[in-house]
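Trainee: sequence and predicted model, in that order:
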Amino acid sequence: MTDPHEARSPRARPAEARHPGRPLDGRDAEIARHKRVVLASAGATVAAFMAFPLLTLFTGALDGVAGGVGAGYAAGLVVIIGPVAGATAYRRWASRAEAAPGPGAGARVDPGAGR
């Protein structure tokens, strides 16, 4: 037991930590890519939602008007519609990724197979 964290955490460590320097196998690479996509898109959504009220309340950055429509209204529409469009794109991407047989496809378990 040379790892000081081993005694504190009974959970299995991720594949990256168990085998540093060795590339991930197919299924672990898919999971890691999925996590990166989800966390990056969630971070971008939170940043947009937090930046919008700050920009409208405390700066004059969104005070402009173009064609009778205020820049704040246009930015608000983007903040509302953007995550919906992003979720739709993610759903399509995830469906394609799940449907395509890739590395590690034989290891997948169909939850409805026993019915």
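Mentor: That came through fine. Owing to the predicted nature of the structure, the values given are computational and were not obtained by experimental measurement.

Trainee: which residue, other than its chain neighbours, is closest to Y90?
Mentor: Closest residue to Y90 apart from its sequence neighbours, by Cβ to Cβ, 6 or more residues apart in numbering: S41 at 6.5 Å. C-beta coordinates here come from the backbone N, C-alpha and C atoms, glycine included.

Trainee: what residues of the host helix or strand of the one you found count as buried?
Mentor: Element membership for S41, per DSSP states H and E: helix 26-58. For helix 26-58, burial by neighbour count (16 or more other Cβ atoms under 10 Å) applies to R27, D28, E30, A48, F52, L55, T56.

Trainee: circling back to that earlier point, for the residue nearest to Y90, give its distance to A99.
Mentor: Distance, S41 to A99, by Cβ to Cβ, to the nearest Å: 21 Å.

Trainee: before we move on, what about L54?
Mentor: For L54 relative to A99 (Cβ to Cβ), the value is 41 Å.

Trainee: Y73 too?
Mentor: 39 Å.

Trainee: could you do A44 as well?
Mentor: Distance from A44 to A99, by Cβ to Cβ: 26 Å.

Trainee: got it, and L77?
Mentor: 33 Å.

Trainee: more neighbours, the two?
Mentor: Just comparing L77 and A99: by other Cβ atoms under 10 Å the higher neighbour count belongs to L77, 11 against 7.

Trainee: can you tell me the element that one falls in?
Mentor: helix 71-99.

Trainee: quick one: mean pLDDT over that helix.
Mentor: For helix 71-99, mean pLDDT is 90.
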